[in-house]
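*Asks:* sequence plus the predicted model coming up.
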Amino acid sequence: MFSINSRSSLPIFEQIVQQVAKYIAIGILKPHDQLPTVRILAKELGINPNTVSKAYHECEMAGLIYSVAGKGSFVSETTEGLDSVLEDAYSILASAYQQLIELGEDPETVQNFLKRAHS
């Protein structure tokens, strides 16, 4: 379910956080679903378990998941954390859009690019 893009400029732990948020948003992960254990996900992705731990910690701080000692990590009941992650993503998008416009790109060209990227 989870994957890592080694060519992305986004740190691996942030890629995991974004994927958790995405899977919650589109309904793949539902409230109280258990996430893979840190060790299992680290092994599947071929990354350090500390990276997965950091991602899960960030997800927990954002309110996306909760942890139960000795049981694992689970999807939170509320979507408040998802709102925060979406707000951050929109902020990044707005900043990138503004930067492109300041560099002389035509707003319509940028909007068409976003439409193509979505399809």
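*Replies:* That came through, no problem.
*Asks:* thinking M1 is in contact with D33, fair?
*Replies:* No. Look at M1 against D33 with Cβ atoms under 8 Å: they stay out of range, at 10.8 Å. Every residue, glycine included, has its C-beta placed from N, CA and C.
*Asks:* mind checking how far the helix or strand bottoming out on mean pLDDT in the chain is from the chain centre?
*Replies:* Counting by mean pLDDT, DSSP states H and E, the chain has its least confident helix or strand at helix 80-102, which shows a mean of 82. Averaging C-alpha positions (Cα atoms, centre = their mean, to the nearest Å) puts helix 80-102 13 Å from its chain's average.
*Asks:* tell me the helix or strand right after that helix.
*Replies:* Using DSSP states H and E, the helix or strand that follows helix 80-102 towards the C-terminus is helix 107-118.
*Asks:* by contact count, what packs against that following helix?
*Replies:* If contacts are counted by 3 or more Cβ pairs under 8 Å, 6 or more residues apart in numbering; DSSP states H and E, helix 107-118 sits against helix 80-102.
*Asks:* the residue nearest the centre of the chain: helix or strand, and which one exactly?
*Replies:* Residue closest to the mean C-alpha point of the chain, counted by Cα atoms, centre = their mean, is Q18 at 0.4 Å. Per DSSP H and E, Q18 falls inside helix 12-25.
*Asks:* got the angle for that helix vs helix 80-102?
*Replies:* 110 degrees (axes from the mean of the first three to the mean of the last three Cα atoms, to 10 degrees).
*Asks:* got the angle between the helix or strand just after helix 12-25 and helix 12-25?
*Replies:* Moving toward the C-terminus from helix 12-25, the next helix or strand (DSSP H and E) is helix 38-45. Using the same axes, to 10 degrees, the inter-axis angle of helix 38-45 relative to helix 12-25 is 100 degrees.
*Asks:* ok, now which ones touch T78?
*Replies:* Neighbour list for T78: G63 [criterion: Cβ atoms under 8 Å, 6 or more residues apart in numbering].
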